[in-house]
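[1] The following comprises the amino acid sequence and a computationally predicted model.
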Amino acid sequence: MDQAKVDDLKGGSDYLYFHFDVEEHHLKLETFIQTAESARKVVASLNENLFNKSLKYELIVLPPDEGSFLTKLAIWVGIGWGIIQFLDSDIVAAYIDGLTGKSPAEWAKEFGEANQETGKMAYVAISSEGKPAKDKAACQLSASIVVAMTRGVLEKDTSDLKKIGMDVGTLTDALDARAEFYAACIHDGDVGRVGFSPDDVFPIPRSSFAERAQKPPRKPEEDKPPEWTVSIESIYVTSPNWDEDDQRVRHWKGKDQSRRDCYFVIDDAEFWALVKKKDLRVDVLDNLKVQWACQIVDGRPKNRRVVRVLEYNGNKLAEPLKADALDAILGQHKAVTARRDEPSLFDDLF
């Protein structure tokens, strides 16, 4: 870790503690490595499955305080807007609330990010040619939320995690990592209890390690990836990203025909050619008619991508791609026709 990041650590990081109740003030190296690796896997699962890999972070092992035997990890966030853009998603908000005990609004309020201030930060984030700003407040907020969520995965009772749906869907990898954490504790006979704060509070007794070390049952692996579903719909953009490469990190955000939030990327070379030539009339809230596709995973749309921008603010740009062209881009897919006065294709998936 370079010196610049060390200097910035306090401004964009938060600490995750593993407090092991052992008779002697030391911990086996194997236990230390395995539990730290489990934490890394939990963070990676949250980042991939809730935040579309948009969180740019490092997990850093810090030296313990003098006279302490705590495992002290720092999660350092370099770009905080990867998480911020997802905080008003109902699904993400439910997981944040369930794992941390606080809603995104409560987190934002604690960090002084009221709606107006968040709007100012968002303006900065989409300026500079659409590249997200490295705002320390956003980085700090993101780091604190991720630390609290990771702690929640490891500390909460299994029944509480099932209530928020972690045992099904895409977050089972996080529960696998949790199971590996407690399996490491089982294999170290010196660990009597575990806590997750620097205080002498150990809520997890050794008697509960075995139950927590059980991995959730997994669905049989599918032989084929989920089929793409294609439709033509009208959407309006609330937060664009005019950097074609960066949109993989910070997605476009808009509202679909049913006024639901949607996040997507635009994979239309002709559209980006017009952007580079500055041949588009851009408004405050841009209206698009698009041909887009998604994959349905566990009843929810994933990997939304616009394959063709048909109209931009009422100006016709292109014709929809035909079936053979869609086959070449997407492979196996099915087309759904949705009229403007019908609910969105994705309306019944939430």
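    Sure, I can see it.

[2] Low-confidence bits of this protein, can you list those?
    Where the chain drops to pLDDT under 70, the residues are 1-11, 64-69, 79-82, 112-135, 219-224, 337-350.

[3] hmm, 50 instead?
    Filtered on pLDDT under 50, the chain yields the residue ranges 1-7, 67-68, 113-116, 118-120, 122-134, 339-350.

[4] I'd like to know how far the residue nearest the centre of it sits from residue 164.
    Closest residue to the average C-alpha location of the chain: residue 51 at 1.6 Å, with CA atoms, centre = their mean. Distance, residue 51 to residue 164, using CB to CB, to the nearest Å: 16 Å. To be clear about C-beta, it is placed using only N, CA and C from the backbone, and glycine gets the same treatment.

[5] Could you do residue 94 as well?
    Applying CB to CB to residue 94 and residue 164 gives a distance of 6 Å.

[6] So which of those two has more stuff around it?
    Ranked by neighbour count (other CB atoms under 10 Å), residue 94 and residue 164 place residue 164 first, with 16 against 13.

[7] give me the element residue 334 is part of.
    Assigned by DSSP states H and E, residue 334 falls within strand 333-335.

[8] so what strands line up beside that strand?
    Take DSSP bridges as the rule and strand 333-335 pairs in its sheet with strand 228-239 (parallel).

[9] Would you mind listing the buried residues in the partner strand?
    By neighbour count on 16 or more other CB atoms under 10 Å, the buried set for strand 228-239 is 228, 229, 230, 231, 232, 233, 234, 235, 237, 239.

[10] The closest residue to residue 190 other than its chain neighbours: neighbour count?
    Spatial nearest neighbour of residue 190, excluding adjacent residues (CB to CB, 6 or more residues apart in numbering): residue 22 at 4.7 Å. Residues within reach of residue 22, counting by other CB under 10 Å, total 17.

[11] and what of residue 213?
    A count of neighbours around residue 213, defined by other CB under 10 Å, yields 17.

[12] Surely the residue nearest to the centre of the chain and residue 87 touch.
    No: Residue 51 is beyond contact range of residue 87, at 10.0 Å (criterion: CB atoms under 8 Å).

[13] show me where the stretch 51-200 of the chain has strands.
    56-62, 71-79, 193-195 (DSSP state E, counting those that start in this stretch).

[14] chain center to the last one, what's the gap?
    Going by CA atoms, centre = their mean, to the nearest Å, the spacing between the C-alpha centre of strand 193-195 and its chain's C-alpha centre is 28 Å.

[15] Could you spell out the sheet neighbours of that strand, each with its direction?
    Going by DSSP bridges, the partners of strand 193-195 are strand 13-21 (antiparallel), strand 204-205 (antiparallel).

[16] Pipe these into a markdown table and attach mean neighbour count per row.
    Written out in a markdown table, the entries for these read as follows (neighbours: other CB atoms under 10 Å):
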| stretch | mean neighbour count |
| --- | --- |
| strand 13-21 | 21 |
| strand 204-205 | 16 |
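
[17] And those: which comes nearest residue 263?
    strand 13-21 (25.1 Å; CB to CB).

[18] now what about that closest one, what contacts it?
    Around strand 13-21, the neighbours that count as contacts under CB atoms under 8 Å, 6 or more residues apart in numbering are 27, 31, 35-36, 39, 60, 62, 69-77, 139-140, 143-144, 146-147, 150-151, 185, 191-202.
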